[in-house]
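Q: Sharing a sequence plus its predicted fold:
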Amino acid sequence: MQWRHPWNNMIPEIGQLLMITALAAALLQFLIGLKLFTLDQSLRMTLIKRFTLIQCLSIFLAICCLGYSFLNDDFSVLYIALNSNTNLPVPYKIAAIWGAHEGSLLLWMFLLSFWGVTLAFSKKFNDQDKMLKIYSLSILGLVSLSFILFIIYTSNPFERIFPMPDQGRGLNPLLQDPALAIHPPILYAGYVGLAIPFALALASLLTPHSSSWAGIARIWTINSWLFLTGGIALGSWWAYYELGWGGWWFWDPVENASLMPWLVATALVHSLIVTEKKGLFNSFSTLLAIIAFSLSLLGTFLVRSGVLISVHSFASDPERGLFILMLIGLFTGGALMLFALKQKRSAPLKLELLSRESLLLLNNVFLCSAAGLVMIGTLYPLVLELVNSEKISVGPPYFNFVILFPCIPLLIFVGLAMFSTWNGKGSKLLLRSSRVALLSILIGLVVSLLILSYDTPLTTIGLILAVWTIFTGCLPLIRSRTSSLVKNIPMALAHIGLGIMVLGITVTSSYGITFDDTLGFGQSKTVGEYEFKLVNINDRTGPNYTAKVAMVEIYSENQKIGTVFPEKRVYDTTSPSMTEAGIEANLFRDLFVALGEDLGGDIWSMHLQYKPLLRLIWLGPFIMILGGLVRLFLLKPLSGTVNS
Amino acid sequence: MLPRHRRFLGICLVLLTVGLASFFILKSFQDNLLYYLTPSEVIAGKAPEDREFRIGGLVVTGSFFRQTGSLTSQFVLTDGSASIEVSYKGILPDLFREGQGIIARGKFNSANLFIASEVLAKHDENYMPPEIHAMETSLE
């Protein structure tokens, strides 16, 4: 037993006090923004900024308290006893802070308050936008207030247990992985970042004279879009090598919960461009901002309420889920009500059918329908079970099929939009795009029919659209004058990234090979042009697990190209074993081996796969993120004014 | 074209798109819904004839059988009152165990043996397929 400073025992209580401080700060932040009492505007502004900062600092220090107790193995704290033990490596003790429900909400809350601070101290607001800022901070105060209450009442990470156990239960082994350790903070930053455009949109409804919300909201929307993109891509990568069976997207409700806000946030980024630059689609952008944040809340509800485990488990422990459900009702309902009452009436819109405005609007409709389709498939089984307790599940085939309906036209129009101009005529557009279109079709046909073996019409369509998206994505870099060249880089990168991802998805799903088979020591199996040879299987002891490690050599045309070591791990604290895949990868193909079971007589079952161009599925989002980063940090800052 | 005509055309187009879209979604829903049944319900004849469905149950202790070196395994699933014999060719999930709740997706062959194309087990303490959770709590 190591010596402990007596103060250590009080750290969780200090954390608890800090949470209450944050609660008070959030309450004041909310109240000051309301015009309940008369205050000088600059004083109001100073105070609201202070309280936003105090709230954020308190929550940050509360996280530090929890982290400190984790590092000290203070198992008198229930959350730590359940999610850590003395053998856990230090980096994972820190990652364990957000390893389960209570801590991850604390992190969620910290990120929310952090984004609030960035808004409070932002220089993007003009003098006439002071009220816009005050109102949006006040709305953020209300959001914070509800979530801090939620944490304190239903999910307190500082709760103690008595008597204190000698040893903790340990962190879920699935989570003991670098990618997953940083995955939640990134994804959450994206989720809660959408609270900022939400607050700005509502504030803009309350300040009819301010017109600059769109430009400001765009910065934070791009911001959270970046984090969402990164978080989803990282999650997909983690699922690929850690969950063991080499898929990269499972249409799992948890994945869908993050995809829906991403789709709507993507629509919002585009809609805000039109609102900022042309003063159009103001109502549409406002609505999208409300929907995007509502979907974030829905995602939090789906993941955190236990409703996915079973609607019945939700009903038996309804506290948490009900609370979030009420918050969704409050925020979505309240926001929509405000929207209905205060929405600015705009003049009837006259759009050219194939102008840039129309194409952006059209694509936003496709993005929203994609989100809607995902939502139907995710929520329908839950609703059905609740209503007549009939149990069904909607499998990946549904999603894979219906998602094509919005996505194929989406990709066609993404490319077309690159030829369009603001308020431009359609006839010229079709003429200008025809050469690139024909070239893309030609390349797609040649590649799918001649170079690769013909698979399905869908493969050919996918290839054509991928080439089309990449080519048209490069267009703004080639066509434009040098002055506007730099300005076009973010858009070009985002669209090229999309095209690359589509290429990866198409080729991997059409030409990938996957199967389970048995392998004895010294035996080999052929997968496509590759030969997998099982050399032997040995025992290994890790820091907090024991493992069976296979040595598998991979040959191509009798040349050895690599050796992989897939593992089967047994962690000390939990009985079931974990599969660690062996992967030999380059940009063009992934070779994947997962160890199955010992079938006796030195024969093991193995999961083998060959996935061409799989890496592009993550390279694409990476390039998209680069585009967003260029937009935020390298270019002239986004202005907050409308050039009408 | 008169604005009135234009609007009419627009509305027709929207209706047509929405109609077509709903038709395909509903059809896809119908084709891809997987029903979940307990062994008792299957014995009672509720299983669909020619499409896959899911059976959930506990693996009967002592029923697991596999020939040395073979990928195919057989086991019996029960819900306490009825049981069904299942055959599966492939790698079983890490958490597959006798006495544990699992879900098998597949259909019956002519010899009335349930041929599973997928076997799901409890993922971990915190996450498990909904049906398994419900089953385990009901049997406890």
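A: Looks like it came in fine. In this text the structure is predicted, and so the values were computed from the model without any measurement.

Q: rest of the way, CA atoms for contacts and neighbours
A: Fine.

Q: Now do the residue nearest to A:Asn282 when sequence neighbours are not counted against A:Thr207, distance only.
A: Leaving out its chain neighbours, the residue that sits closest to A:Asn282 by Cα to Cα, 6 or more residues apart in numbering or on different chains is A:Thr275, at 5.6 Å. According to Cα to Cα, to the nearest Å, A:Thr275 stands 16 Å off from A:Thr207.

Q: Of these two, give the one with the bigger neighbour count.
A: A:Thr275 (24 against 18; other Cα atoms under 10 Å in any protein chain shown).

Q: got the contact list for the residue nearest the centre of chain B?
A: Geometric centre of chain B, nearest residue: B:Arg54, 3.1 Å, by Cα atoms, centre = their mean. Residues near B:Arg54 by Cα atoms under 8 Å, 6 or more residues apart in numbering or on different chains: B:Leu34, B:Tyr35, B:Tyr36, B:Leu37, B:Ile103, B:Ala104, B:Arg105, B:Gly106.

Q: ok, what's across the strand from it?
A: Listed by DSSP bridges, the beta-bridge partners for B:Arg54 are B:Tyr36, B:Arg105.

Q: could you measure it against B:Arg4, distance?
A: Look at B:Arg54 and B:Arg4: by Cα to Cα, they are 53 Å apart.

Q: Now stretch A:134-141: average pLDDT?
A: Mean pLDDT, computed over stretch A:134-141, is 96.

Q: got it, and stretch A:18-34?
A: 96.

Q: Chain B: helices as residue ranges?
A: B:3-32, B:39-43, B:130-139 (DSSP state H).

Q: Which one, of those helices, ends up nearest to chain A?
A: helix B:130-139 (4.5 Å; Cα to the nearest Cα).

Q: per-residue confidence averaged over the closest one?
A: Average pLDDT, helix B:130-139: 56.

Q: who's in contact with the helix or strand harbouring A:Gly415?
A: A:Gly415 is part of helix A:404-417, with elements assigned from DSSP states H and E. Contacts with helix A:404-417, where a contact means Cα under 8 Å, 6+ apart, come from A:355-356, A:359-360, A:363, A:366-367, A:369-370, A:429, A:433, A:465, A:468-469, A:472-473, A:495, B:21.

Q: Can you pull the residues of the stretch 351-500 of chain A lying near chain B?
A: A:Lys391, A:Ile392, A:Ser393, A:Val394, A:Gly395, A:Pro397, A:Tyr398, A:Phe401, A:Val402, A:Phe405 (Cα under 8 Å from any Cα of the partner chain).

Q: Need the per-residue pLDDT for the last one.
A: The per-residue pLDDT reported for A:Phe405 equals 88.

Q: pLDDT below threshold where in the chain?
A: In the absence of a named chain, this looks at chain A. Scanning chain A for pLDDT under 70 picks out the ranges A:1-5, A:244, A:306, A:308-317, A:345-348, A:572-576, A:636-644.

Q: Let me rephrase: I mean chain B.
A: Counting by pLDDT under 70, chain B has low-confidence residues at B:1-2, B:122-140.

Q: Can you pull the domain assignment for it?
A: As recorded under automatic domain parsing, the domains making up chain B are B:1-33, B:36-139.

Q: What about the residue lying closest to B:Phe75 once chain neighbours are set aside, how many residues nearby?
A: With Cα to Cα, 6+ apart as the criterion, B:Phe75 has its nearest non-adjacent residue at 4.4 Å, and that residue is B:Phe64. By other Cα under 10 Å, 16 other residues sit near B:Phe64.

Q: Which single helix of chain A contains the most residues?
A: Per DSSP H, chain A has its longest helix at helix A:356-388.

Q: Show me what that one packs onto, helices and strands only.
A: Under the contact criterion of 3 or more Cα pairs under 8 Å, 6 or more residues apart in numbering or on different chains; DSSP states H and E, helix A:356-388 touches helix A:253-278, helix A:311-316, strand A:392-394, helix A:396-402, helix A:404-417.

Q: domain assignment for chain A?
A: Following automatic domain parsing, one gets these domains for chain A: A:1-171, A:515-612.

Q: does any part of stretch A:542-553 sit near chain B?
A: No. On the criterion Cα under 8 Å from any Cα, stretch A:542-553 is out of touch with chain B, staying 13.4 Å away.

Q: which parts of that stretch are buried?
A: The neighbour-count check on stretch A:542-553 (16 or more other Cα atoms under 10 Å in any protein chain shown) flags A:Tyr545, A:Thr546, A:Ala547, A:Lys548, A:Val549, A:Ala550, A:Met551, A:Val552, A:Glu553 as buried.

Q: How about the contacts made by the fifth one?
A: A:Val549 sits next to A:Ile537, A:Asn538, A:Asp539, A:Arg540, A:Phe565, A:Pro566, A:Glu567, A:Lys568 when contact means Cα under 8 Å, 6+ apart.

Q: one more time with 10 Å
A: By Cα atoms under 10 Å, 6 or more residues apart in numbering or on different chains, the contact set of A:Val549 is A:536-541, A:564-569, A:580, A:582, A:595.

Q: now do the last one
A: For A:Glu553, the contact set (Cα under 10 Å, 6+ apart) comprises A:522, A:524, A:531-536, A:560-565.

Q: so can I have TSV of these showing neighbour count and secondary structure?
A: Below are those laid out as TSV (neighbours: other Cα atoms under 10 Å in any protein chain shown; DSSP: H, G, I helix; E, B strand; the rest coil):
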residue	neighbour count	secondary structure
A:Gly522	13	coil
A:Ser524	18	strand
A:Glu531	19	strand
A:Phe532	25	strand
A:Lys533	20	strand
A:Leu534	23	strand
A:Val535	16	strand
A:Asn536	15	strand
A:Lys560	13	strand
A:Ile561	13	strand
A:Gly562	15	strand
A:Thr563	18	strand
A:Val564	21	strand
A:Phe565	20	coil
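
Q: No further queries at this time; thank you.
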